[in-house]
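J.: structure for the following, please:
(one chain, ligands or ions: 1)
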Amino acid sequence: MRNFRFHSSIWLTSSEPLYPEVIDQRYLPFEAHTFIIRNLEDACFAIREMVVRGAPLIGVTAAYGMYLSILDCSADDYNERLCMAQKALNDTRPTAINLYTATRRMMETYRQAEKGSDIAGLLFNEANRIRFEELDACRKIGEYGLSLILEISRKKDGGPVNILTHCNAGWLACVEWGTATAPIYLAHKNGISVHVWVDETRPRNQGARLTAFELGLAGVPHTIIPDNTGGLLMQQGKVDLVIVGSDRTTLDGDVANKIGTYMEALAAADNQVPFYVALPISSFDFSLTDGIRNIPVEQRDATEVSYIEGWNGKEITTVKLIPDDSPVANYGFDITPARLVTSLITEKGIINPDRDSILHLMHS
Ligand code: MRU
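T.: Residues are numbered from 1 along each chain as shown. Below you'll find the model as predicted:
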């Protein structure tokens, strides 16, 4: 898309009152629209309808939603209003832990405030802090992840490093940089030759629509593949490493990410291809150990599977894909067990996906 001028997925409007404004990702890569979040309802709508998506961005949006929820009520009602907002936001999407972490942090900010303080100001600052922390975390993930790409590049005498990724764990899913994409962008900026295999990521096609769009904007060589292609490419030696994001990672290193991630991890293990998960600490759920049993997996509307959305040359349109009476299942995420994960790339370093390493990270 020509003249696409955004490089951040969320920012503040330029005039008072300051509202968070986001790229409306439902229209990408075909049209550039933004969406201003003016109140709690807008924040819930944006998360539920996937105007915004991706674990870190969902968390940041929810934080602003908490702040916005008290703007039209008196201080006597703040507690009730914030409890209601926390519940409404937490109910929008169940898998990404960042949502719960962000709303809990906003609630704690309110509860720890001194009597008589400017609560709205405190909440606004906290939401901004969460936004900048996510940005910073992604940048650091990029720096740590770069070393992995560099090592492979050296082994290949500078030949292109082929990276497979699933869904969109790019800056659109975060604030800037992305998680899985941050090392890729840094490598590309540093003149390291990279090529990305982009899983299309049915049913919503976040890979084909969003990751490919991002990589194209940055000039990173990439190829979109149907979701069932990764295994063949790995058997043919055409994938040097896999890097994906995470919506929730447990204390024992089990990783929830977009449906289809697990199958890529299986194929990677079978072909001795390193499988990395890039995630900020905000995407850990230290309260859970067994991801398969305990991480709630979102089930979404059947129409995302039975119809497909695309561009007909003039506008975005949907067409039906399946017979009228066929039932559909639409699980949004799957769990990759820790044993299939080579390492976790975090803003505090690259660690093993095991309890000791994650506990150490948590206390560092
Ligand atoms: O349903 P989505 O588009 O919100 O799912 C996004 C993903 O699964 C991402 O891979 C994940 O959130 C990691 S984003 C940094």
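J.: what's the end-to-end length of stretch 10-19?
T.: One end of stretch 10-19 sits 10 Å from the other (C-alpha to C-alpha, to the nearest Å).
J.: what sits against the residue of the chain found nearest the ligand?
T.: Taking C-beta to the nearest ligand atom, the ligand has its nearest neighbour within the chain at G245, 2.7 Å off. To be clear about C-beta, it is placed using only N, CA and C from the backbone, and glycine gets the same treatment. Each residue near G245 by C-beta atoms under 8 Å, 6 or more residues apart in numbering is listed here: 54-55, 167, 169, 173, 178-180, 257, 277-279, 283.
J.: rerun that using 7 Å as the cut-off
T.: Shown in contact with G245 (C-beta atoms under 7 Å, 6 or more residues apart in numbering): A55, C167, A169, A173, T179, A180, N257, A278, L279.
J.: can you check L344 too?
T.: Contact partners of L344, counting by C-beta under 7 Å, 6+ apart, are T249, G253, V277, L279, I351, P353.
J.: let's go with 10 Å and repeat that
T.: Counting by C-beta atoms under 10 Å, 6 or more residues apart in numbering, L344 makes contact with 141, 246, 249, 253, 255, 276-279, 283-284, 338, 350-354, 357-358, 361.
J.: partners of it in the sheet?
T.: Beta-bridge partners recorded for L344 (DSSP bridges): V277, I351.
J.: how much space separates the residue nearest the centre of the chain from I23?
T.: For the chain, the residue whose C-alpha lies nearest the mean C-alpha position (C-alpha atoms, centre = their mean) is G54; its distance is 2.8 Å. Here G54 is placed at a distance of 11 Å from I23 (C-beta to C-beta, to the nearest Å).
J.: gap between the host helix or strand of I141 and the chain center?
T.: Assigned by DSSP states H and E, I141 belongs to helix 119-155. Helix 119-155 sits 12 Å away from the centroid of its parent chain (C-alpha atoms, centre = their mean, to the nearest Å).
J.: picking up where we left off before, report the buried members of the contacts of L344.
T.: Buried residues within these, defined by neighbour count using 16 or more other C-beta atoms under 10 Å: 141, 246, 249, 253, 255, 276-279, 283-284, 338, 350-351, 353-354, 357-358, 361.
J.: report the contact partners of the nearest residue to A208 once chain neighbours are set aside.
T.: Spatially, and ignoring its direct neighbours in sequence, A208 is nearest to E200 (3.9 Å; C-beta to C-beta, 6 or more residues apart in numbering). With C-beta under 10 Å, 6+ apart as the criterion, the residues that contact E200 are 166-167, 206-209, 211-212, 224-229, 260.
J.: and E200, backbone torsions?
T.: Taking degrees, to the nearest 10, you get phi -60, psi -30 for the backbone angles of E200.
J.: need the pLDDT of N294.
T.: Looking at N294, its pLDDT reads 97.
J.: for it, what are its contacts?
T.: The neighbours of N294, taking C-beta under 10 Å, 6+ apart as the test, are R248, T250, D254, A256, D285, S287, L288, I335.
J.: got phi/psi on I243?
T.: Dihedral angles of I243 (phi, psi; degrees, to the nearest 10) stand at phi -130, psi 120.
J.: partners of it in the sheet?
T.: Taking DSSP bridges, one finds Y276 as the beta-bridge partners of I243.
J.: my read: it touches N162, true?
T.: No. Using C-beta atoms under 10 Å as the test, I243 is too far from N162 to be in contact (11.3 Å).
J.: where do the contact lists of the two overlap?
T.: With C-beta under 10 Å, 6+ apart as the test, I243 and N162 both reach V196.
J.: of these two, who's got more company?
T.: Remark: of I243 and N162, I243 carries more neighbours, 26 against 23, as counted by other C-beta atoms under 10 Å.
J.: ok, the more buried one - contacts?
T.: Going by C-beta under 10 Å, 6+ apart, I243 touches 141, 145, 148-149, 163-166, 169, 179-184, 196, 274-278, 345.
J.: this completes my enquiry, with thanks.
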